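In: Let me see the structure of the following:
(one chain, ligands or ions: 1)
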Amino acid sequence: MLGPTSAAESELPFDIDTVLPTRDFDHHIGAKRANPAEYFTPTLEHDVVITERRQILAEHPERHIGMDEDAGDLLVSTIVWAKANSILPDDVIQKLDKEQSLQEKLAILACTWEPDFLLLGQNESQFFLRGGVVCFPSNWDFTQKINHPLEQIHQIVPRLNECIGKNIATFLARMRDGISWQRVNWGMSSSPKKNNHPALGMPRLQASTPLDSVSFRVEEQLLQSLPSNGLLFGIHVRRTNLRNVLNNPKAAAGLNQALATMNEEMARYKGIADIRQTIIDDINEQPQKKLN
Ligand code: HEM
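Out: Numbering: from 1, shown residues only. Predicted structure coming up:
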């Protein structure tokens, strides 16, 4: 899909042209065709990731997993779709078939797949978040958003609805043909942990935060229409140390341009307003460091 199934910490676990193209920052859909079987294929980190998911779900299920009364059909439809596309191992299919409770079926999927996933139902022209599992959120609270329309969920992202809200609605409404799409978002965090739930109170990135301690996060998102007229939205988080991005000239150039052209409101939303000049200065000093 977008990156190798595993990467050493020094390699970038994402495609630079997709995640950090050298162009000005803007809101765009940027969707490309996806292969869902590849998206859900276990990576070399599978066991570690699944252990972490189990632990997070055992400690704080109320933050990370949930569904409303309209999510049942979407969940059943997800399982039908996953079986038809050979995305579930046989032993998991057997467990799912034996299990009657929808909550338990959701919990089984939550501890089978590495990516997080959300279920969206359509009501007239609007999509509503109905449920799912988000073990590795950036700074947002998944269970608080269940039952909300996508447009309202996106309201917090500066100028997103104004710039491309209509395009998103049209794009999602046309996704009836079973074709899979993928897109990416990137962000940064003060923690190497993938779970950045707001309740954990991760420290803010500041101008003085050492760049070697910053995590660069990429969310590989899967957009999949379901047989029952809803949507499956996958989020696979890949992270690396920011220094690995800065050490790669092409990635550093893309990041430099994105940071330099992002408006202040968006930089605040992404939590990088205070640190971005430090990063830009570091990138621009690098050629001189090499000469000295
Ligand atoms: C083509 C479709 C979509 C586009 C173009 C899109 C775009 C975006 C963008 C640009 C952001 C800001 C992320 C950042 O820069 O840090 C965002 C945030 C977000 N999006 Fe989407 N998105 C799409 C579909 C979805 C779907 C289907 C969901 C499912 C519920 C979703 C849920 C979210 C959430 C929860 C956030 C974080 C909001 C927060 O900070 O509270 N998006 N989206």
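In: ok, the closest residue to the ligand within the chain - how many residues close by?
Out: With Cβ to the nearest ligand atom as the measure, Trp140 is the residue of the chain nearest to the ligand, at 3.5 Å. Backbone N, C-alpha and C define where each C-beta goes, glycine included. A total of 13 residues lie near Trp140 under the criterion other Cβ atoms under 10 Å.
In: Does it belong to a helix, a strand or coil?
Out: Per DSSP: H, G, I helix; E, B strand; the rest coil, the local secondary structure of Trp140 is coil.
In: right, and it touches Gly187 too?
Out: No: using Cβ atoms under 8 Å, Trp140 is not in contact with Gly187, being 10.8 Å away.
In: Now do the helices in the stretch 1-150 of the chain.
Out: Taking DSSP state H, counting those that start in this stretch as the criterion, the stretch 1-150 of the chain carries its helices at 16-19, 36-39, 46-59, 61-64, 71-84, 90-98, 102-110, 142-145, 150-153.
In: again with the stretch 151-292 of the chain
Out: 160-173, 242-246, 249-261, 264-269, 276-291.
In: Spit out the contact partners of Gly30.
Out: Applying Cβ atoms under 8 Å, 6 or more residues apart in numbering to Gly30 gives the contacts Thr18, Arg183, Val184.
In: ok, which residues in this structure are in contact with the ligand?
Out: Residues of the chain lying close to the ligand (Cβ under 6 Å from any ligand atom) are 27, 29, 31, 118, 120, 129, 140, 145, 150, 153-154, 156-157, 160, 168, 171, 183, 185, 187, 233, 270.
In: thinking again about what came up before, and which of the contacts of Gly30 is nearest Glu99?
Out: Arg183 (32.2 Å; Cβ to Cβ).
In: burial measure for the closest one, as a count.
Out: 18.
In: hey, which of the helices of the stretch 151-292 of the chain is tucked in deepest?
Out: Neighbour counts (mean count of other Cβ atoms under 10 Å) averaged over each of these peak at helix 242-246, with a mean of 21.
In: Can I get stretch 273-282 in CSV, CA atoms only?
Out: Only the C-alpha atoms of stretch 273-282 are listed here, as CSV (Å, rounded to 0.1, in the frame of the first residue of the first chain):
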residue,chain,number,x,y,z
ALA,A,273,2.7,26.3,15.6
ASP,A,274,5.4,26.8,18.2
ILE,A,275,7.9,24.3,16.9
ARG,A,276,7.6,24.9,13.2
GLN,A,277,10.2,27.7,12.9
THR,A,278,12.7,25.5,14.9
ILE,A,279,12.2,22.8,12.3
ILE,A,280,12.4,25.2,9.3
ASP,A,281,15.7,26.6,10.8
ASP,A,282,17.1,23.1,11.3
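In: So what touches it?
Out: 188, 204-209, 211, 214, 242, 246, 255-256, 259-260, 262, 264, 267, 272.
In: burial count for the nearest residue to His236 once chain neighbours are set aside?
Out: The shortest distance from His236 to any non-neighbouring residue, by Cβ to Cβ, 6 or more residues apart in numbering, is to Pro115 (3.9 Å). By the criterion of other Cβ under 10 Å, Pro115 has 19 neighbours.
In: Dump the C-alpha coordinates for stretch 162-180 into PDB.
Out: What follows is stretch 162-180 as a C-alpha-only set of coordinates in PDB (Å, rounded to 0.1, in the frame of the first residue of the first chain):
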ATOM      1  CA  GLU A 162     -15.200  25.700   3.700                       C
ATOM      2  CA  CYS A 163     -12.400  24.600   1.200                       C
ATOM      3  CA  ILE A 164     -13.300  21.000   0.400                       C
ATOM      4  CA  GLY A 165     -16.400  20.000   2.500                       C
ATOM      5  CA  LYS A 166     -18.600  19.700  -0.600                       C
ATOM      6  CA  ASN A 167     -15.900  17.700  -2.500                       C
ATOM      7  CA  ILE A 168     -15.600  15.300   0.400                       C
ATOM      8  CA  ALA A 169     -19.400  14.800   0.600                       C
ATOM      9  CA  THR A 170     -19.600  14.200  -3.200                       C
ATOM     10  CA  PHE A 171     -16.600  11.900  -3.200                       C
ATOM     11  CA  LEU A 172     -18.000   9.800  -0.300                       C
ATOM     12  CA  ALA A 173     -21.600   9.700  -1.800                       C
ATOM     13  CA  ARG A 174     -20.200   8.300  -5.100                       C
ATOM     14  CA  MET A 175     -18.300   5.500  -3.300                       C
ATOM     15  CA  ARG A 176     -21.000   2.900  -4.000                       C
ATOM     16  CA  ASP A 177     -19.100   0.700  -6.400                       C
ATOM     17  CA  GLY A 178     -16.900  -1.200  -4.000                       C
ATOM     18  CA  ILE A 179     -13.800   0.500  -5.200                       C
ATOM     19  CA  SER A 180     -11.200   1.100  -2.400                       C
END
